[in-house]
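Peer 1: Need the 3D shape of this:
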Amino acid sequence: MPKDSQRSSEEVLCDICGTMIRARGLVSHMRKCEKQERLRIEQAELAEILQESAKTYDIKVEYHPHSKIPSTIHRFVDFSRHRSMEDSVAEIALEAAMTKDQTNRLFNLLHRSACGKEAFTLQSHDEVRSFWEMASERFTPSSVVSVKYRSEVHDFNMYSRPLWDWALDLLRDSRFTKHFPWTANAFWDAQSRLPPDAKPLAFILYADKNKLSSFGTQKGYPIIVRIANLPIEIRNGVGVAGSRVVSWLPIVNENQKDSRKASFVNFKNAVWHESFLQLIESVIQHSKTGYWFDCGDLIRRLLWPIILILSADYEEQCIMSLIRGLKGKFPCPVCLVPQDMQSIYTEELTLRTSAESQQVLKTARLAKTKKARENHLKAFSLRDVENVFWKVHHCDIHRALSWDCMHANNGGLWSDHLWVELQFWITDLGREAAVQIDSNFDAFPRWPDLQHFSRVMKIDFTDSATHEDISKLVVFAAQNILTRTESKLGYLLLRCIRHFVMFDMYAALEVHTEDTITAGRETLREFSTLLDEYITKSEPETGKNWNFLKKHSNVHVFDDILAKGATRNYNTKPNERMHGPLRAIYLRRTNFKNVATQIIRYDHWLLTSTSMRSEIDDLDEYTRQQVIDPEAGEEIEESFSQIEQEHAADTAFSGFRIRLNRFLNEFLPRFEIPFPDGRRVHFRPDDQVTVFQYLRVNYESMVDWRLKRDLLRCNPSFFGSPRYDCVMVKAQDQPFFARLIFLFRCSIGEIVLSFALIHPYDVAIGHRRRQDIDLGLYRVRAKPRASLELISVESIIRGAVLASDPATAGDYFVVDTIDTDIFLRMKSLQAHYVN
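Peer 2: Numbers count the residues shown, from 1 in each chain. Below you'll find the predicted structure:
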């Protein structure tokens, strides 16, 4: 041992572990070593004891006598296994909350590596991070935006990728340049203003501040971009050419001292526009001169950027257009409708223009006093801020702003006003009426992409999509409750709602013609007339104020459609869906500090991954030899005697085999199908058919003439409940509706044909009831159960939803609001019925 007089820096040897230790720390080091050595010896002795015990002892498990489970003896080694790799991988999948698809992909990769097909060389998270850094180009980290407020310059960090660079990267991909054309009046007009060889490159921009954390303490301000030239299936999708976050705007924190002050509001707006300038600066430059570029298809084009569409809710539209909002004299960002005339429907409106807004600001800034300047701006509801979009050639900010169905209709006029009013009148009828409407909603048949509701009167949480589905069904559910005799004002409101839903369906059409535009405008006028009547008659009782912007904004819908195409081109719904993934990145991929750079970086890695994956998928698709249909349902071989025995209690199957023989002997000659061996069809009781419970029906949409598909069920136990979907069936005169009862396939000689046993709903109704006419309902009536018919599945046009009328047994209403195709088909059918 060293002496106390020796220097503390001298090193000595530890007798236990054999390492050189400074003299000062030797005592504490040796204590630690002694403890570790004792623990090692104890573990070695225990392992030796357990190993010896395992050779001679088993483990006996005894259960409580009340369990009546006999004792069991297990080998000791079964309890001393090490944890398997499968357990560890399964635990990781559970902790990461991986989806079924992600889990299957992980397992597939593990099997490929285990089989030696591919080597796996990544060793750590740092290596994965480095891989994505190398695979992706880096985004612009940040730029500083400086804005003056109260004689002090404030700096804000602005995170973005160059918008123009992102667009050019997309155009380098030959898969997308073939989709370059895009049509609508605004696009056509822009093309007309450009040189003959110029090609407009049209941008769709979306901005919305949203909450990242659950309690809203952390917020994000993403800018999302799309290319309007691409088909909507691509640009609204999740692939490489879909929507992309290109910028993260700074958020100006507001304190109590500056809250609601005009100068501070102007300051916040100035920060927004100065920040946006950083994003579109290159676009502004090229909007003056164009830009020659060699696209991915090896064609050199003169690209001319235009900002065609700005998609946003009202709050963002006020910032983009720099108007003063709801309390201004002219609260609409598109036109100069007076604040007190928003409830009045008129098509004679003075539209705002960028040129006039610029002139107003220029004139105001020439005023001698601050008060005079402010008064002049207030007269037009404008702010004392330069608008960044004025710098972009061929862009009028007020024409680029677009009507949004989600905020104006589903999450606005309907959810906050019409639905609230309807609930008021239902509640006014008493508890039984509320119970009845919930029961009617619960009785609706299920249908893909349409939510099923067990109750609606006191639903806890509803987003705009839920409200949209409620509005589509509510007239059918309330028609026997809010009648003319029970509630005159409730009935009038129901008529308003029916016209509102029809207007909403016209606005949602994927493709428009002159006829649909005309019909849509007429429906909007009828809705406005009925609503004005309701407002006048109900005001003494409800006292509701209907003078708000979302009622007024509908006047611009069809002008927007003519200028910028179908509303799905500028609907905010696809953009709002991106808030979820951004929140997920915030929660799972950031350290909750300076989150903008982390979110944009990770989102860019996802873009890189998506690009690589799409190219691999294209190659896989090219080399794939066969396609497996994942929707293939179970098929069963059954004899006629089995079928009739299983359905002996159902009169619909009485004499099923004989009826099929009779049907086929008429069906085959009608369609010039030869009899097998020249003899009439005569199935025997032991002959078999193939029974199936799932049917795919392809049809041409009346809206956009594309191929659509309905997935129909004919199943006695679909997820535990019977489901027999309804269909629209071809007939010589006009289509009729029916319910699928039984689907089967049979062989007739060398020919295999598929048929359906259906319950027709084609009993003559006679004169239409006044209520059906008022509410635009198409009533059908079922034949007796014993009058079922056989048809070829080829005669099925498409699927349908029929809602039963609780007031008349056997009567149903065709729900014409489940999609735009059935909406147009029913319009045509109703016109034929009236004629």
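Peer 1: all strands for the stretch 701-835 of the chain, in order.
Peer 2: For the stretch 701-835 of the chain, applying DSSP state E, counting those that start in this stretch gives strands covering 707-718, 721-724, 726-729, 736-748, 751-761, 779-781, 789-792, 796-800, 802-804, 811-814.
Peer 1: Would you convert those into CSV that also reports mean pLDDT, distance to W164 and mean neighbour count?
Peer 2: From N, CA and C alone the C-beta is placed, and that goes for glycine too. Formatted as CSV, the strands of the stretch 701-835 of the chain follow (pLDDT from 0 to 100; distance: least, Cβ to Cβ, whole Å; neighbours: other Cβ atoms under 10 Å):
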stretch, mean pLDDT, distance to W164, mean neighbour count
strand 707-718, 93, 37, 16
strand 721-724, 94, 52, 13
strand 726-729, 97, 49, 24
strand 736-748, 95, 54, 20
strand 751-761, 95, 55, 19
strand 779-781, 95, 57, 18
strand 789-792, 95, 57, 17
strand 796-800, 96, 45, 23
strand 802-804, 96, 52, 20
strand 811-814, 97, 51, 20
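Peer 1: Tell me which of those sits nearest to S113.
Peer 2: Among those, the nearest to S113 by Cβ to Cβ is strand 707-718 (37.0 Å).
Peer 1: other SSEs contacting the closest one?
Peer 2: For strand 707-718, the helices and strands in contact under the criterion 3 or more Cβ pairs under 8 Å, 6 or more residues apart in numbering; DSSP states H and E are strand 694-700, strand 721-724, strand 736-748, strand 796-800.
Peer 1: Partner strands of the longest one and their direction?
Peer 2: Within its sheet, strand 736-748 is paired with strand 688-692 (antiparallel), strand 726-729 (antiparallel), strand 751-761 (antiparallel), according to DSSP bridges.
Peer 1: okay, those strands in a markdown table with distance to I21 next?
Peer 2: Rendered in a markdown table, the data for the strands paired with strand 736-748 read as follows (distance: least, Cβ to Cβ, whole Å):
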| stretch | distance to I21 |
| --- | --- |
| strand 688-692 | 80 |
| strand 726-729 | 86 |
| strand 751-761 | 87 |
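Peer 1: looking at those, which is closest to S454?
Peer 2: Each of the strands paired with strand 736-748 was checked against S454 via Cβ to Cβ, and the shortest separation belongs to strand 726-729, namely 20.9 Å.
Peer 1: quick one: the closest one to chain centroid distance?
Peer 2: Centre-to-centre, strand 726-729 and its host chain are 28 Å apart (Cα atoms, centre = their mean, to the nearest Å).
Peer 1: would you put the C-alpha positions of that strand in PDB?
Peer 2: Provided in PDB are the C-alpha atoms of strand 726-729 (Å, rounded to 0.1, in the frame of the first residue of the first chain):
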ATOM      1  CA  CYS A 726     -79.700  -3.800 -52.700                       C
ATOM      2  CA  VAL A 727     -79.100  -3.200 -56.400                       C
ATOM      3  CA  MET A 728     -80.300  -1.300 -59.400                       C
ATOM      4  CA  VAL A 729     -81.300  -3.700 -62.200                       C
END
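Peer 1: So what touches that strand?
Peer 2: By Cβ atoms under 8 Å, 6 or more residues apart in numbering, the list of residues contacting strand 726-729 from outside reads 445, 697, 712, 735-740, 756, 758, 760-761, 791, 795-802, 822, 825.
Peer 1: One more: stretch 708-724?
Peer 2: Counting by Cβ under 8 Å, 6+ apart, residues outside stretch 708-724 touching it are 445-446, 448, 631, 693-701, 725, 727, 739-743, 756, 796, 798-799, 821.
Peer 1: and the nearest residue to I223 once chain neighbours are set aside, what are its bridge partners?
Peer 2: Leaving aside its sequence neighbours, I223 sits nearest to S247 (Cβ to Cβ, 6 or more residues apart in numbering; 3.8 Å). Beta bridges link S247 to S160, I223, judged by DSSP bridges.
Peer 1: which residues does S247 contact?
Peer 2: Residues counted as contacts of S247 (Cβ under 8 Å, 6+ apart) are 158-161, 163, 222-223, 275-276, 278-279.
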